[in-house]
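Enquirer: Model the following, please.
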Amino acid sequence: MLDNFLIRAALAGIGVAIAAAPLGCFVVWRRMAYFGDATAHAAILGVALSLAFSTSTIFGVLIVCLGMAVIVSNLNERGMAVDTLLGVISHSALAFGLVAVSFLSGIRVDLMAYLFGDILAISMADLIFIWIGAVIVCGIIAWRWSALLTATLNADLASSHHINPKREQLILTVALAITVAVAIKVVGALLIASLLIIPAAAARGFAKTPEMMAGLAMIIGSVSVLSGIQASLIWDTPTGPTIVCCAAVIFGVLNTLSRGMRG
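Expert: Numbers count the residues shown, from 1 in each chain. So this is what the prediction gives:
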């Protein structure tokens with residue numbers, strides 16, 4: 001059954017959606033959308049470095065994403081504005097990555113696949129890696145759910161319960177880096193943040209509890225992936241961007257329904 005490339009693509013997309021959904025909820029709650037975008041952009045620099053040193057692409061992406069998070073955290077503690085800092089690092093990392101790739105002689109690099117994803121070319125090895133990453137991310141979130149939620153709601157409250165907000169931020173950053181690494185072949189570096197944010201934002205209007213929001217985000221993300229793959233086959237459009245378009249349409253519909261119910 002897994003010899004069918006469409007089945008592999010669907011399973012890979014669902015794996016990424018499941019990993020991204022609960023993490024995306026924290027990104028929305030903490031207003032870290034720009035941080036997620038910056039981490040995804042930095043992934044291109046990780047790809048370039050891994051190709052230059054002939055190491056695993058996933059390893060390179062993880063190292064660069066985690067390194068960027070540490071740099072942002074340290075500079076933020078020195079009083080620099082976070083939004084400005086993320087803007088500088090995000091676009092600089094993407095630019096340096098693209099320039100670095102151009103210097104790689106003798107290595108064929110499909111930049112479009114890394115920028116916008118190539119879900120239909122997912123191999124069995126990629127599928128296994130994506131699901132291992134998804135299980136790790138979901139395991140981390142489940143393990144630290146209560147502490148992460150408390151630290152997100154109120155840092156002082158977390159400290160009074162002997163929860164270190166900085167440690168929880170680091171855990172969230174590690175989970176985000178893993179998600180970026182597993183998602184880059186599905187939707188690409190430029191669209192990863194949208195798969196994190198849009199399903200979580202769409203679920204927010206209907207969720208009565210944080211757990212319900214995470215569960216709804218998983219469902220919305222999975223539906224976006226399946227409908228995006230189907231639509232791209234029907235209309236012969238790029239699959240990664242089509243998945244994001246479907247997520248955006250679902251968000252628009254659910255947001256309208258949510259406002260109607262409140263009104």
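Enquirer: And residue 168, how far from residue 146?
Expert: From residue 168 across to residue 146, the span is 10 Å (CB to CB, to the nearest Å). The C-beta positions use only the backbone N, C-alpha and C, and glycine is treated the same way.
Enquirer: Just want to know which of those two has more residues nearby.
Expert: More neighbours surround residue 168 than the other of residue 168 and residue 146, with 20 against 11 (other CB atoms under 10 Å).
Enquirer: Name the SS class of residue 138, please.
Expert: With DSSP: H, G, I helix; E, B strand; the rest coil as the basis, residue 138 sits in helix.
Enquirer: which residues of this protein score low on pLDDT?
Expert: 1-3, 72-83, 107, 263 (pLDDT under 70).
Enquirer: quick one, helices of it?
Expert: For the chain, the helices defined by DSSP state H occupy 5-29, 33-52, 57-77, 82-102, 111-116, 124-153, 155-160, 165-183, 192-204, 210-235, 239-262.
Enquirer: Return the most buried member of the ones you listed.
Expert: Sort these by mean neighbour count, taking mean count of other CB atoms under 10 Å, and helix 192-204 sits at the top with a mean of 27.
Enquirer: which helices and strands does it pack with?
Expert: Contact here means 3 or more CB pairs under 8 Å, 6 or more residues apart in numbering; DSSP states H and E; on that basis helix 192-204 packs against helix 5-29, helix 33-52, helix 165-183, helix 210-235, helix 239-262.
Enquirer: can you put those in TSV and add distance to residue 116?
Expert: Formatted as TSV, those follow (distance: least, CB to CB, whole Å):
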stretch	distance to residue 116
helix 5-29	14
helix 33-52	12
helix 165-183	12
helix 210-235	12
helix 239-262	5
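Enquirer: Any idea which of the ones you listed gets closest to residue 194?
Expert: Residue 194 sits nearest to helix 239-262 of all the helices and strands packed on helix 192-204, at 4.7 Å, using CB to CB.
Enquirer: and the angle from that closest one to helix 210-235?
Expert: Angle of helix 239-262 versus helix 210-235, following axes from the mean of the first three to the mean of the last three CA atoms, to 10 degrees, is 130 degrees.
Enquirer: got the angle for helix 239-262 vs helix 5-29?
Expert: Using the same axes, to 10 degrees: helix 239-262 against helix 5-29 is 50 degrees.
Enquirer: for helix 239-262, packing partners?
Expert: With contacts defined as 3+ CB pairs under 8 Å, 6+ apart, helix 239-262 has these neighbours: helix 192-204, helix 210-235.
Enquirer: what comes into contact with that helix?
Expert: When contacts are defined by CB atoms under 8 Å, 6 or more residues apart in numbering, helix 239-262 is touched by residues 9, 13, 116-120, 186-188, 191, 194-195, 198-199, 201-203, 205-206, 220-221, 223-225, 227-229, 231-232, 235.
Enquirer: Distance of the closest residue to residue 218 other than its chain neighbours relative to residue 212?
Expert: Spatial nearest neighbour of residue 218, chain neighbours left out: residue 21 (4.0 Å); criterion: CB to CB, 6 or more residues apart in numbering. From residue 21 across to residue 212, the span is 12 Å (CB to CB).
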